[in-house]
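S.K.: sharing a model that was predicted from the sequence below.
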Amino acid sequence: MSYTGRCACGAVTLAIAGAPITARQCWCRQCQQIAAGGPTHNAMFATQDVTIHGDLTGHHYVAASGNTITQSFCTACGTPVMGQSDARPQFRVIRLGTLDAPHDIRPLMAIWTEDAPAWAAIDPALEQFPRQPPPPSIPEPS
């Protein structure tokens, strides 16, 4: 399984050589700020499966989880491309909007739901976590 993607202007491209570990909808306040008030939609991949070409700039902050998060954006157009946590260097969290369509990835869970605004429409079929869920494990190669 593989995926490709790009930012809005095409200056940053992605090649992903593996299946997602999981996919999430995140309602934390920082994600709401970069997603114009709604959640971000993200797929988590093994770091070694993700190749990114082009110039990214990063913003670092300490999240409510206590982890230092780096949000990476295209330097040319500002498209959010990726997030990563210092606590989980084995993962790269790719914004679903950067992946070339069509793709088969959809969120399986909603996280940080306690930060969601009262008007948020969270799919009841998604597994929900009020805060940070336990970290997923990387499947063993077959």
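M.R.: The structure has been received and is ready for your questions. Numbers count the residues shown, from 1 in each chain.

S.K.: can you give me the helices for this structure?
M.R.: 29-34 (DSSP state H).

S.K.: and the strands in it?
M.R.: 3-6, 13-16, 22-26, 40-46, 50-53, 56-62, 68-74, 80-85, 91-95, 109-111, 127-128 (DSSP state E).

S.K.: now the ones you listed in JSON lines, with mean neighbour count and distance to residue 120?
M.R.: Glycine gets a C-beta too; all of them are placed from N, C-alpha and C. Shown next, in JSON lines, are those (neighbours: other CB atoms under 10 Å; distance: least, CB to CB, whole Å):
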{"stretch": "strand 3-6", "mean neighbour count": "18", "distance to residue 120": "26"}
{"stretch": "strand 13-16", "mean neighbour count": "18", "distance to residue 120": "28"}
{"stretch": "strand 22-26", "mean neighbour count": "23", "distance to residue 120": "10"}
{"stretch": "strand 40-46", "mean neighbour count": "22", "distance to residue 120": "13"}
{"stretch": "strand 50-53", "mean neighbour count": "15", "distance to residue 120": "29"}
{"stretch": "strand 56-62", "mean neighbour count": "12", "distance to residue 120": "22"}
{"stretch": "strand 68-74", "mean neighbour count": "19", "distance to residue 120": "21"}
{"stretch": "strand 80-85", "mean neighbour count": "22", "distance to residue 120": "19"}
{"stretch": "strand 91-95", "mean neighbour count": "25", "distance to residue 120": "19"}
{"stretch": "strand 109-111", "mean neighbour count": "22", "distance to residue 120": "9"}
{"stretch": "strand 127-128", "mean neighbour count": "15", "distance to residue 120": "11"}
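
S.K.: dump those into a markdown table; add distance to residue 136 and mean pLDDT as well.
M.R.: What follows is these, written out as a markdown table (distance: least, CB to CB, whole Å; pLDDT from 0 to 100):
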| stretch | distance to residue 136 | mean pLDDT |
| --- | --- | --- |
| strand 3-6 | 18 | 97 |
| strand 13-16 | 16 | 98 |
| strand 22-26 | 5 | 96 |
| strand 40-46 | 7 | 96 |
| strand 50-53 | 15 | 97 |
| strand 56-62 | 22 | 94 |
| strand 68-74 | 17 | 95 |
| strand 80-85 | 12 | 95 |
| strand 91-95 | 8 | 96 |
| strand 109-111 | 10 | 96 |
| strand 127-128 | 12 | 96 |
